[in-house]
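# Okay, sequence plus prediction incoming.
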Amino acid sequence: MAHVAFIGLGVMGGPMAGHLVRAGHEVTVFNRTTEKADAWVAEFGHRRELTPAAASESADLVMMCVGNDNDVREVALGPEGVLSTMKDGAVLVDHTTASASVARELSDAATAASIGFVDAPVSGGQAGAEAGILTVMCGADDRSSFEAARPIIASYARECRLLGPSGAGQTTKMVNQICIAGLLQGLSEGIAFAQRAGLDVDEVVAVIGKGAAASWQMENRAATMAAREFDFGFAVEWMRKDLAICLTEADRLGARLPVTALVNQFYQDVLGAGGKRWDTSSLITRLDDR
């Protein structure tokens, strides 16, 4: 059993922290909105603290799952941040989807404080977090930090892999989002085309889903896209944030992402149509008659 602090109890973090309890770990939580922390404690027990620093004081591992780079810096490096109280030899794991540069910044700060660090963004969405079957992409300068974190992460993940030094986890998550953006646009066009042609989308997907066009998105989203149902899953506003990170890093690397840039603009159209919290599969709405 480990003593774990979990910082951030949103739609991903809350279920992830719950799986740590089910795995038998001692868990202390912090959430900026105290009502969420109170609700989590009411469901799972254990305890919550009023600052990240207080939550992390005696933890063996600290897991963070917050919103963006600025949130990461605040809860890790701020006056009440976790690095101000974490003990020597503890490990900080950041599950936030953030930039590779902030991952490297945290790694440097953690190393200076004799603390291990792993950048470990996740894929699988709210459903994956609730089911405990997330994919976790990790970067770490010290493999021993990854090895210390891996059995804890296993509480809510079915795949957890070290992909390189600090920042490699975040860069791999960018690859994931780049691929998803292109897949969803292609799937949107295919379904809209099938409907225009008078085909039964379920029957079409049943056939082509057994061939080279098959994907997780097709298997899990084609039917709801055809029905124009988007009140679940990974929100458009989050995808816009993630694609902005991808495009910024592409500029730094000199990489070309023409399709990603185009789909990012398409998501802006969805936002303009009121789809801020719609699932990312709502790209198909751009192809409807207006």
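That came through, no problem.
# buried stuff in the worst-scoring helix or strand of the chain on mean pLDDT?
Least confident helix or strand of the chain, by mean pLDDT, DSSP states H and E, is helix 125-131 with a mean of 94. Neighbour-count burial for helix 125-131 flags Gly125, Gln126, Gly128, Ala129, Glu130 (criterion: 16 or more other CB atoms under 10 Å). All C-beta spots, glycine's among them, are computed from the backbone N, C-alpha and C.
# what's the helix or strand just after it packed up against?
Using DSSP states H and E, the helix or strand that follows helix 125-131 in sequence is strand 134-138. Applying 3 or more CB pairs under 8 Å, 6 or more residues apart in numbering; DSSP states H and E, one finds that strand 134-138 contacts strand 122-123, helix 143-153, strand 157-162, helix 168-196.
# next structured bit after the longest one?
Right, the one you point to is helix 168-196. Of the helices and strands lying after helix 168-196 in sequence (DSSP H and E), the nearest is helix 201-208.
# Now do the buried residues in that following helix.
By neighbour count on 16+ other CB under 10 Å, the buried set for helix 201-208 is Val201, Val204, Val205.
# Run through who's touching that helix.
Applying CB atoms under 8 Å, 6 or more residues apart in numbering, the external contacts of helix 201-208 come out as Ile191, Ala194, Gln195, Ala214, Met218, Ala222, Ala223, Ala226.
# And the pLDDT at the first one?
Going back to what we said before, that points to Ile191. Here the pLDDT value assigned to Ile191 is 98.
# got a list of what it touches?
Listed by CB under 8 Å, 6+ apart, the contact partners of Ile191 are Val201, Ala222, Met225, Ala226, Ile284.
# Kindly indicate which of these lies nearest Ala39.
Of all the contacts of Ile191, Met225 has the smallest distance to Ala39: 32.1 Å, by CB to CB.
# and the closest one, that one's in a helix?
Yes. Under DSSP: H, G, I helix; E, B strand; the rest coil, Met225 falls within a helix.
# how near is it to Gly128?
Distance of Met225 to Gly128, computed by CB to CB, to the nearest Å: 19 Å.
# How is this structure divided into domains?
Domain ranges of the chain: 3-165, 171-287, per automatic domain parsing.
# Can you list the low-confidence ranges for the protein?
Counting by pLDDT under 70, the chain has low-confidence residues at 290.
# If the most centrally placed residue in it is in a bridge, with which residues?
By CA atoms, centre = their mean, the mean C-alpha position of the chain lies nearest to Val122, the distance being 4.3 Å. On the basis of DSSP bridges, Val122 is bridged to Val136.
# so which of the domains of the chain is the most packed in?
Neighbour counts (mean count of other CB atoms under 10 Å) averaged over each of the domains of the chain peak at domain 3-165, with a mean of 20.
# Can you give the distance of that domain from its chain's centre?
12 Å (CA atoms, centre = their mean, to the nearest Å).
# can you offset everything so residue one is 305?
Let's use 305 as the start, then, which means that last one is domain 307-469.
# start to end distance for that domain?
End-to-end distance of domain 307-469 (CA to CA, to the nearest Å): 26 Å.
# do the same with stretch 525-543
For stretch 525-543, the end-to-end distance is 16 Å (CA to CA).
# Same question for stretch 465-478.
Start and end residues of stretch 465-478 are separated by 15 Å (CA to CA).
# next one: stretch 310-328
By CA to CA, one end of stretch 310-328 lies 14 Å from the other end.
# Now tell me what touches it from outside.
Where contact means CB under 8 Å, 6+ apart, the residues beyond stretch 310-328 that reach it are 305, 308, 331-336, 340-341, 344, 347-350, 356, 359-360, 366-371, 375, 379, 386, 399-400, 426, 429-430, 433-434, 436, 438, 456, 459-460.
# swap the cut-off to 7 Å and go again
By CB atoms under 7 Å, 6 or more residues apart in numbering, the surrounding residues in contact with stretch 310-328 are 305, 308, 331, 333-335, 340-341, 344, 348-350, 356, 359, 366-370, 379, 386, 426, 430, 433-434, 436, 459-460.
# Report the contact partners of the nearest residue to Ala554 once chain neighbours are set aside.
Excluding its sequence neighbours, the residue lying closest to Ala554 (CB to CB, 6 or more residues apart in numbering) is Leu561, at 4.8 Å. By CB under 7 Å, 6+ apart, the contact set of Leu561 is Ile482, Cys550, Leu551, Ala554.
# would you turn those into CSV with secondary structure?
Below are these laid out as CSV (three-state DSSP):
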residue, secondary structure
Ile482, helix
Cys550, helix
Leu551, helix
Ala554, helix
